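K.L.:
Generate a structure from the sequence data that follows.
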Amino acid sequence: MFFKSSFTSLAVSLLASIQVVHASEAYPSLPTWKCTKSGGCIQQNTTVVLDQVAPNAIGTAGSRTAADYAAMGVSTSGNALTMYQYMTVNGKVTSASPRVYLLGADGKYVEMGLLNQELSVDVDLSALPCGENGAFYLSSMAADGGATGGAAAGKGYCDAQCQGYCCNEMDILEANSMATAMTPHPCIGNTCDSSGCGFNPYASGQHSFWGPGSTVDTNKVFTVTTQFAASGGQLSQISRKYVQNGRQISSGTISSCGSTSSTGGLTGMGQALGSGMVLAMSIWNDPTQQMAWLDAGSNGPCASGQGSPSNIQSQHPTTHVIFSNIRWGDIGSTTT
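P.N.:
Numbering: from 1, shown residues only. Have a look, this model is predicted:
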C-alpha cells in the first residue's frame with residue numbers, strides 16, 4: 001500500500017493545534033465476532049472511530065466535539081460498514097476518503113492476536129471501479145492511541161510507509177472490482193518493507209480469477225478468509241481463500257517475505273500478529289499513481305487514465321465499499 005488517504009494538510013495542521021474533545025461523539029455500532037472451534041463465535045460490542053485527521057470531523061469551535069460520520073461517508077447497519085469516496089457537503093462535492101478503526105467497549109482499539117488464527121470478512125466491491133481501493137488491513141498501533149484522547153479520538157495511526165510513525169502493517173485486502181492484493185509489510189524499528197511481498201492473482205497470471213463474472217465474481221458479495229498458520233510458534237504461511245455462493249475458492253499463499261535481518265521478514269510479521277494488531281478500514285483513490293500498482297499494467301486489466309480521481313468522480317460518483325460480518329479466531333472457526 002502506498003498512499004492511504006487524501007486528507008488535507010489544512011485538516012492536519014488544525015487538528016495538531018486543537019484540544020480534542022470526544023465525550024459527545026457517538027461511534028457507529030459495528031458488532032464483530034470472536035470465534036473458537038470449541039465454543040463457536042461470540043459477538044463483541046465493537047464500534048468504529050474515524051481517523052483523527054478526517055477533515056469533516058472538525059467542529060465549528062475547532063474541536064472534535066462530535067465527528068460527522070455521515071458527512072465523511074461512513075455509516076453502519078447491523079454488522080455492515082459502508083464507506084463512500086465522494087460526499088456532498090454544503091453543496092460542494094468533496095473526496096471524503098474515510099478511514100476508520102475498530103474500537104472496543106473499553107474505549108481502546110481492538111487488538112487482534114492473529115498468530116495461528118484466521119480473519120474473515122464479507123465484502124461488496126461491486127461499486128468500486130478501476131483506481132479505487134477498498135482497504136481492510138492491520139496496523140501495529142497502540143491500543144490507547146498513544147496520546148491524550150487517544151483511540152477515542154482516532155489517534156495514533158502508523159504503517160509501513162511511516163505515516164504517523166513506522167510500524168508493522170498487514171494488508172489483508174486492497175481491492176476494487178477489477179484487481180486485488182494481499183501484502184505483509186514487516187518492520188524492525190523504523191526500517192520497514194514498504195513495498196511488501198504481496199500476492200496479486202492477476203500479476204501471478206490468473207487473469208480470469210478476479211472481476212465481474214470471474215471465478216471470484218466481484219459483482220456479488222463474497223467472504224474473504226485469511227489464515228496465519230504457525231509452526232513452532234513462528235508464522236509459517238499466510239494463505240487466502242474465498243467463499244461465494246456456498247463454494248470455497250482457494251487462492252494464493254505467502255511463505256516468505258523479504259529480509260529477516262533488515263525488516264523482520266515473515267517471522268517479524270508473525271511476531272506483530274501475535275502481539276495484537278488494530279483493524280483499519282478505508283476507501284481511497286490516488287491522483288499520483290492512479291492505483292496502477294494495484295490494477296493496471298501487469299497488476300490488473302485497468303487502462304491508463306481509468307483510475308484518475310477526476311474520471312472516477314465523473315463516471316462513478318457513488319463509488320463505495322461495504323465490509324460486513326467481521327470475525328476472527330481459531331483456524332477453521334470463522335466460516336462454519
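
K.L.:
contact partners of the longest helix belonging to the chain?
P.N.:
Criterion DSSP state H: the longest helix present in the chain is helix 265-275. Defining contact as Cβ atoms under 8 Å, 6 or more residues apart in numbering, one finds that helix 265-275 is touched by 111, 113-115, 117, 138, 140, 168, 170, 184-188, 228, 230, 234-236, 238, 254-260, 264. Every residue, glycine included, has its C-beta placed from N, CA and C.

K.L.:
Wait, M182 touches G252, no?
P.N.:
Yes: under the criterion of Cβ atoms under 8 Å, M182 makes contact with G252 at 7.3 Å.

K.L.:
Return the distance of the very next helix or strand once past the longest helix of the chain from the chain's centre.
P.N.:
Note on helix 265-275: by DSSP states H and E, the next helix or strand toward the C-terminus is strand 277-285. Strand 277-285 sits 3 Å away from the centroid of its parent chain (Cα atoms, centre = their mean, to the nearest Å).

K.L.:
ok, now stretch 174-193?
P.N.:
10 Å.

K.L.:
from the contacts of helix 265-275, which would you call buried?
P.N.:
Buried by 16 or more other Cβ atoms under 10 Å: 111, 114-115, 117, 138, 140, 168, 170, 184-188, 228, 230, 235, 238, 254, 257-258, 264, out of the contacts of helix 265-275.

K.L.:
re earlier: for M182 and G252, indicate the residue with more neighbours.
P.N.:
Higher neighbour count among M182 and G252: M182, with 26 against 17, using other Cβ atoms under 10 Å.

K.L.:
For that one, give its distance to S239.
P.N.:
9 Å (Cβ to Cβ, to the nearest Å).

K.L.:
which residues do these two both contact?
P.N.:
Contact criterion Cβ under 8 Å, 6+ apart; residues shared by M182 and S239: 226, 252, 254.

K.L.:
among the residues you listed, which are in strands?
P.N.:
226, 252, 254 (DSSP state E).

K.L.:
Out of those, flag the one nearest to D295.
P.N.:
G252 (16.6 Å; Cβ to Cβ).

K.L.:
Now do the residue nearest to the closest one when sequence neighbours are not counted against C130, distance only.
P.N.:
Of all residues not flanking G252 in the chain, F199 sits nearest, at 4.0 Å (Cβ to Cβ, 6 or more residues apart in numbering). Shown here: F199 relative to C130, a distance of 20 Å by Cβ to Cβ.

K.L.:
Those two: who's more crowded?
P.N.:
Shown here are F199 and C130; by other Cβ under 10 Å, C130 has more neighbours (27 against 19).

K.L.:
and the more buried one, helix, strand or coil?
P.N.:
coil (DSSP: H, G, I helix; E, B strand; the rest coil).

K.L.:
for the residue lying closest to it once chain neighbours are set aside, what are its contacts?
P.N.:
In this structure, C130 finds its nearest non-sequential neighbour in C302, 3.5 Å apart by Cβ to Cβ, 6+ apart. C302 makes contacts with 130-131, 178-179, 291-292, 295-296, as judged by Cβ under 8 Å, 6+ apart.

K.L.:
Of those residues, which qualify as buried by neighbour count?
P.N.:
Neighbour counting with 16+ other Cβ under 10 Å marks 130-131, 178-179, 291-292, 295-296 as buried within the contacts of C302.

K.L.:
Go through those residues and say which is closest to G39.
P.N.:
Using Cβ to Cβ, A179 comes nearest to G39 of the buried ones among the contacts of C302, at 37.4 Å.

K.L.:
ok, the closest one to N219 distance?
P.N.:
15 Å.

K.L.:
Confirm Q43 sits in a strand?
P.N.:
Yes: Q43: assigned to a strand according to three-state DSSP.

K.L.:
Who does it form a beta bridge with?
P.N.:
W33 (DSSP bridges).

K.L.:
residues near it, how many?
P.N.:
Considering only other Cβ under 10 Å, Q43 is surrounded by 11 other residues.

K.L.:
mind listing the helices for the chain?
P.N.:
Going by DSSP H, the chain shows helices at 9-17, 265-275, 292-295, 309-315.

K.L.:
so of those helices, which one's packed in deepest?
P.N.:
Across these, the average number of neighbours (mean count of other Cβ atoms under 10 Å) peaks for helix 292-295, which reaches a mean of 25.

K.L.:
where does this structure have its least confident helix or strand?
P.N.:
helix 9-17 (a mean of 35; mean pLDDT, DSSP states H and E).

K.L.:
Could you point out which residue ranges in the stretch 1-150 of the chain have low pLDDT?
P.N.:
Residue ranges of the stretch 1-150 of the chain with pLDDT under 70: 1-24, 54-65, 148.

K.L.:
if you set the cut-off to 90 instead, what comes out?
P.N.:
Filtered on pLDDT under 90, the stretch 1-150 of the chain yields the residue ranges 1-26, 52-67, 89-90, 146-149.
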